[in-house]
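Participant: the sequence isn't on hand, but the structure is:
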């Protein structure tokens, strides 16, 4: 059975008054037609320091997302597997270490190795996947993503990765602006602060994307496999 | 004396742990060089129903921001006056009522009169100001704003208006992506939910803009007047 | 029978050597899938001064295209009629007279009336058509066109209008960059200088669009009507 | 003494009537304020086959520009030297060999080595220069160029390279749309067909850029050196 529109991680911090004000955004959620998978910044840097509290890992590994990143690994593996089985286009974003001073945010950042920005081995791109290199937060800004989506015939996106308040949000807002129907996969999306994660997911769900649970998205992708077999 | 980097409205909801994680964003804030003023969506619709709690006005006037909008009127008037005295370019965004189904968010919306999207009389555009009509949340998306900023020689922006989590945020993220130094004026920026307002302002301050208090921005604009007189 | 890839207006000025160099562009031309019609700048200004040599009309009516504009009226009417019969989306571009100094080219231009930029009555937009207001040459630059095309489900474009070397070319190059398959309708496209018209059409045909004769495009649109009736 | 506005390579093919029609574009040309140098696609592929007629080299090396490319080498070296002496930002465009099927034009293209798209050794980028990788014709489309230009404080561009009718034209039109004042350096810009080269340069000069002779641009860059020494 479909879960309620507000049955998400933000329930414990968003009060009744706010939910009432946000009532005009209530609608049925769904994976759109001809979806492509868009994994945002699933690179090694986010996982550095291991499955520990962000506060601990972040002191040594700037930009690491600690336990939030690690908790998302298993659902993210399942998501990739289901997307590959369904045969939908698979797109990754990452960046190069050296970008001549153009960065995604005001965060202080030192010299880094290119290896930090390789996609984590659990989700390595395969031949035929698309890897988009970006310098700003959005997967669309300063990249040829829109041209590839047109070429691939993608009409909607399934978005996830990190961080909710940074590159995921900027990419999702742009995707909405370009006219794509967007799904955000809750369990595969994370940030450094839970408060910030929850409020951003709340914003995105109401304004720009359908936040869905990974099991709902997996079920949809499996139905695509079945219908293609039936055809 | 300059106020602390975290001395803002979000102090009561952002905990110590999060502040520690966000330490790498700490820096000195400032109004940038050759600023232009960018007032986001200061149109009648936001003020409908008067200076009352959002919950009350919103039931009747979808999209109204109630007391938050009204509280910002006086500081916003001062900001416009100071910007005009300093002779910096003044830019407004708004929209047309009819946009063939392309909207800023997923919010349900009915037929509306063009008058709802006229700039509130307190801040009416004057001859020589620029009014940008947009259909999506960002002032840059699908508009010629970037060309006008180049033509005007603007190298930084002073941004404010509504809503923090919608058009203000999307516009500020894009402004950062295009390479502008951005100031967000706290007291002239508002949203429907305080929680959402505070967390978005927190995000924007750390990642994409210098959130400053209106008195700091006014002081800077006054210094521009003085230095142009001295010159 | 399909006409040859080079059987177009440029035959009398492009020599054998150039055709040989351009051989790697040779391919089969076709109207793409899910086309939308994009009429560029079919506004009154282009027709001012009547069906006379450009040299004569241009002295008095800056920007008029004279006999070239008038010759295109009849095929353009047929094209609109066929597109309406086929039920494909119909999009116009034009501009506002006042654009705060941001113009499509370096051409000197004085104060103008808004009426000059109304679409010529022969092709007036109907309810449900989309009119895009632009300030630069390209229909995409600084406009929400890409969002509307996504929303309409358009996957290819049928482009025509004026001028070949200005707004038609800039719009077609951008359409190609965004990933659309483009058709340019030769008899419905014009410029002030025949030399410039022919060389630009030659460029566009080889690099970015399939230049087709109006009778070929009409035949295709009629086949869309038939296949929708059959369905 | 300044050369006439029409004293350029297109004189032998553009007739009096056309020049009369194009009179409203006549203006004084100049290098703009705070220029950056933008060298388009000066990669090995263009020079393959050596200093011979295009027809000969092109049969074996698709995309080579033969004698036109080679003739531009010496003026281009001088231009880079003068720009480096003047200390202005230096930007190159090129592409990667593999771009998942997104290309600059409809030209048929086979598998290629990355080395073909390295900048020719005569003009090799130095540390601190910016290299922009693009997939479409324009240096702006799908690249972060606009963000870098803002960051560098560039207010105008000096553009040159290849091909006049392809990447140079698309880049120049976009640069104009974004609001840059553009200079195109005639002797450093080339194409495969002379007819196509001349008409495109004619178009660009009138509509979007000031086509200048290399000696005029060199003189300007030398004046920048002198004035910075004087300061």
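Facilitator: Here it is on my side, so go on. All of these numbers come straight from a predicted model, not from anything done at the bench.
Participant: so who does residue A:91 touch?
Facilitator: By C-beta atoms under 8 Å, 6 or more residues apart in numbering or on different chains, residue A:91 lies in contact with A:36-39, A:129-132, A:139, A:145, A:148. Using the backbone N, CA and C atoms, a C-beta is placed for each residue, glycine as well.
Participant: point out where chain A drops to low pLDDT.
Facilitator: For chain A, applying pLDDT under 70 flags the ranges A:1, A:231.
Participant: go again using 90 as the cut-off
Facilitator: Across chain A, the ranges flagged by pLDDT under 90 are A:1-3, A:58-59, A:62-63, A:100-102, A:108-111, A:226-231.
Participant: indicate whether the longest strand along it makes contact with chain C.
Facilitator: For chain A, the strand with the greatest residue count under DSSP state E is strand A:181-190. No: if you take C-beta under 8 Å from any C-beta of the partner chain as the test, strand A:181-190 misses chain C, and the best it gets is 9.7 Å.
Participant: paired strands for that strand, with orientation please.
Facilitator: Sheet partners assigned to strand A:181-190 using DSSP bridges are listed as strand A:156-162 (parallel), strand A:210-212 (parallel).
Participant: is the residue sitting nearest the centre point of chain A in a bridge, and if so with what?
Facilitator: Taking C-alpha atoms, centre = their mean, the centroid of chain A lies closest to residue A:160, which sits 1.7 Å from it. Beta-bridge pairing for residue A:160 (DSSP bridges): residue A:39.
Participant: can you tell me how far it is from residue A:41?
Facilitator: 10 Å (C-beta to C-beta, to the nearest Å).
Participant: residue A:150 is in contact with residue C:181, isn't it?
Facilitator: No: the pair residue A:150 and residue C:181 fails to qualify as a contact (C-beta atoms under 8 Å) at a distance of 9.7 Å.
Participant: okay, and the common contacts of the two?
Facilitator: Common neighbours of residue A:150 and residue C:181, counting by C-beta under 8 Å, 6+ apart, are residue C:155.
Participant: distance check, residue A:152 against residue A:87.
Facilitator: Relative to residue A:87, and taking C-beta to C-beta, residue A:152 is found at 12 Å.
Participant: in chain A, which helix has the most residues?
Facilitator: Scanning chain A for the longest helix, with DSSP state H as the assignment, gives helix A:214-230.
Participant: and that helix with strand A:181-190, angle?
Facilitator: Orientation note: helix A:214-230 sits at an angle of 130 degrees relative to strand A:181-190 (axes from the mean of the first three to the mean of the last three C-alpha atoms, to 10 degrees).
Participant: tell me the buried residues in helix A:214-230?
Facilitator: For helix A:214-230, burial by neighbour count (16 or more other C-beta atoms under 10 Å in any protein chain shown) applies to A:214, A:216-218, A:220-221, A:224.
Participant: just stretch A:144-152 next, same as before
Facilitator: A:144-152.
Participant: among these, which one lies nearest to residue A:166?
Facilitator: Nearest to residue A:166 among the buried residues of stretch A:144-152 is residue A:145, at 16.8 Å by C-beta to C-beta.
Participant: surely residue A:103 is within a helix?
Facilitator: No: under DSSP: H, G, I helix; E, B strand; the rest coil, residue A:103 falls outside any helix and is assigned coil.
Participant: export the buried residues of helix A:214-230 to a markdown table and tack on distance to chain B?
Facilitator: What follows is these, written out as a markdown table (distance: C-beta to the nearest C-beta, whole Å):
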| residue | distance to chain B |
| --- | --- |
| A:214 | 21 |
| A:216 | 18 |
| A:217 | 18 |
| A:218 | 23 |
| A:220 | 19 |
| A:221 | 23 |
| A:224 | 24 |
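Participant: of those residues, just say which sits nearest to chain C.
Facilitator: Distances from chain C to the buried residues of helix A:214-230, taken as C-beta to the nearest C-beta, are shortest for residue A:224 (19.4 Å).
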